[in-house]
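Chemist: below is the structure, and that's it, no one-letter string:
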DNA sequence: GGTAACTCAAACAGCACTGTTCGACTAATG
DNA sequence: CATTAGTCGAACAGTGCTGTTTGAGTTACC
């Protein structure tokens, strides 16, 4: 029943209501039960199972949708200019998204095979990889370590920062500046001066 | 019964056997049951409950011991020289420890309140904070962002890197060089050149 | 060698959850 | 307005844990 094709209007409405409720519940408690989610969606548990065959399938759908939305938001960015400028742009948009859906990621990590999570991260990861490669060709980013790892580190810092904000140890307002500062420095080739904030 | 004081030799032996088995089981499966752990320790489940009142208490003991050992290992380092050199030293020792006990952290995150995990991280965190502060005073590290967040980012990158190694996407041999390169760059004050590897 | 500390298997109670089945009911659709 | 897709609550079966009890058996220790 997952296809949006030719289904009744209320069914489609319920399906998205369930996804929305799942986001809310799982963000509050990564171990939220199917019953919790169904109730929050204003729907019977049986109905939920009519839409998603298992808890795992629901989790997958929730997380996949979140990643799809995130990727779509990033897609509207123009990252073709100066690589450093582009990275600032990417950070400014990304950190908020990561921050908002951080709790969801925790839920996904508990209930989804880690390979699947990796798979769903593929597109955003690929985006930063391309940017890094372009920056390297122009001599603006360092070339002495693997691109894949640099990308991982990029998102690692983003996630860590989101955690710090959630924990109340970092002010939201300081996040973008701190992130761009540290990440631009991290990517600067050895010998070149660390860029100053402007 | 957790006190090591005046207990019978076999009791103490069993207690550590349980902790050792727990490390092994939880590293393999973060959701390993108490029964699994008892069996791996060659001990009845009842005996385990004689030593640790609940699964959570066991988890706490396991994780606390791991952190205590990690901190002790770091304690033997001389971090009083040049801050940059000291950081290289700290990274070289830390990344392996983080890499080895990464799986354990996952288990802890599922079964322990996150405040407790934070608490048990306090000492290593404090160590890097002190180092950063000292490097700042000497003008070698950047002063334009909060120390607490810089420390968090430091460990964030370490953890991310450990994940990449576990996933087989980064060669162990490349880790120390990559880590020191990126972290030294990240901490370099704006305007100063990024240090070259030597 | 006696005693107290410790261990053990088996069995039990309890819980919380997942996923299914039923039959009755309700509302979108054409 | 009839048909069919969808919904609902209640109840059930099944699972896999956690934590406890019991009573008999070992083993360290003085």
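Modeler: That came through, no problem. The structure displayed is predicted, hence computed values, not measured ones.

Chemist: okay, CA-based contacts and neighbour counts for the rest of this
Modeler: Fine.

Chemist: what distance separates the longest helix that chain A contains from the centre of its chain?
Modeler: What stands out as the longest helix in chain A, according to DSSP state H, is helix A:83-111. Distance of helix A:83-111 from the chain centroid (C-alpha atoms, centre = their mean, to the nearest Å) equals 4 Å.

Chemist: again with stretch A:147-167
Modeler: How far stretch A:147-167 lies from its chain's middle: 11 Å, per C-alpha atoms, centre = their mean.

Chemist: is it positioned near chain B?
Modeler: Yes - Stretch A:147-167 reaches chain B (C-alpha under 8 Å from any C-alpha of the partner chain) through A:148, A:149, A:152, A:153, A:156, A:157, A:160, A:161, A:164.

Chemist: what residues does the residue in chain A positioned nearest to chain B make contact with?
Modeler: Taking C-alpha to the nearest C-alpha, chain B has its nearest neighbour within chain A at residue A:193, 3.7 Å off. Shown in contact with residue A:193 (C-alpha atoms under 8 Å, 6 or more residues apart in numbering or on different chains): B:190, B:191, B:192, B:193, B:194.

Chemist: kindly indicate the member of those with the most neighbours.
Modeler: residue B:194 (25 neighbours; other C-alpha atoms under 10 Å in any protein chain shown).

Chemist: so that residue touches residue A:194, yeah?
Modeler: Yes - between residue B:194 and residue A:194 a contact is recorded at 6.3 Å, counting by C-alpha atoms under 8 Å.

Chemist: which stretches of chain A have low pLDDT?
Modeler: Within chain A, the segments meeting pLDDT under 70 span A:1-5.

Chemist: I'd like the distance between the nearest residue to residue A:86 once chain neighbours are set aside and DNA strand C.
Modeler: Residue nearest to residue A:86 in three dimensions, not counting chain neighbours: residue A:79, with 4.8 Å by C-alpha to C-alpha, 6 or more residues apart in numbering or on different chains. For residue A:79, the distance to DNA strand C equals 41 Å [C-alpha to the nearest atom of the strand, to the nearest Å].

Chemist: in a strand, residue A:79, correct?
Modeler: No - in this structure, residue A:79 is coil, not part of a strand, as judged by DSSP: H, G, I helix; E, B strand; the rest coil.

Chemist: so what's the backbone phi/psi at it?
Modeler: phi -100, psi 20 (degrees, to the nearest 10).

Chemist: residue A:130 versus that one, what's the distance?
Modeler: Noted for residue A:79: a distance of 10 Å to residue A:130, by C-alpha to C-alpha, to the nearest Å.

Chemist: what about the two, which has more around it?
Modeler: Neighbours per residue, other C-alpha under 10 Å: of residue A:79 and residue A:130, the larger number sits with residue A:79, 20 against 14.

Chemist: near chain B, which residues of chain A are found?
Modeler: Residues of chain A lying close to chain B (C-alpha under 8 Å from any C-alpha) are A:144-145, A:148-149, A:152-153, A:156-157, A:160-161, A:164, A:169-170, A:178, A:182-197.

Chemist: residue contacts, the residue nearest the centre of chain A?
Modeler: In chain A, the residue lying closest to the centroid (C-alpha atoms, centre = their mean) is residue A:98, at 4.7 Å. Contacts were defined as C-alpha under 8 Å, 6+ apart; by that measure residue A:98 touches A:158, A:159, A:162.

Chemist: per-domain residue ranges of chain A.
Modeler: Domain assignment for chain A by automatic domain parsing gives A:1-53, A:54-198.

Chemist: and DNA strand D, which of these is closest to it?
Modeler: Of all the domains of chain A, it is domain A:1-53 that lies closest to DNA strand D, at 3.5 Å by C-alpha to the nearest atom of the strand.

Chemist: and the two most separated of the residues of stretch A:147-167 next to chain B?
Modeler: Maximum pairwise distance among the residues of stretch A:147-167 next to chain B (C-alpha to C-alpha): 24.5 Å, between A:148 and A:164.

Chemist: higher neighbour count, the two?
Modeler: residue A:164 (20 against 17).

Chemist: so what's the closest residue to residue A:82 other than its chain neighbours up against?
Modeler: Sequence neighbours aside, residue A:135 is the residue nearest to residue A:82 in space, at 8.0 Å (criterion: C-alpha to C-alpha, 6+ apart). Contact partners of residue A:135, counting by C-alpha under 8 Å, 6+ apart, are A:82, A:83, A:84, A:141.

Chemist: can I take it that residue A:135 is in a helix?
Modeler: Yes - checked against three-state DSSP, residue A:135 lies within a helix.

Chemist: and the helix or strand containing residue A:58, what other elements does it pack with?
Modeler: Taking DSSP states H and E as the definition, residue A:58 sits inside helix A:55-75. Secondary-structure packing of helix A:55-75 (3 or more C-alpha pairs under 8 Å, 6 or more residues apart in numbering or on different chains; DSSP states H and E): helix A:9-28, helix A:83-111, helix A:114-137.

Chemist: which parts of the longest one are buried?
Modeler: Which is helix A:83-111. A:83-84, A:86-99, A:101-111 (16 or more other C-alpha atoms under 10 Å in any protein chain shown).

Chemist: my guess is residue A:31 is in a strand, correct?
Modeler: No - under three-state DSSP, residue A:31 sits outside any strand and is assigned coil.
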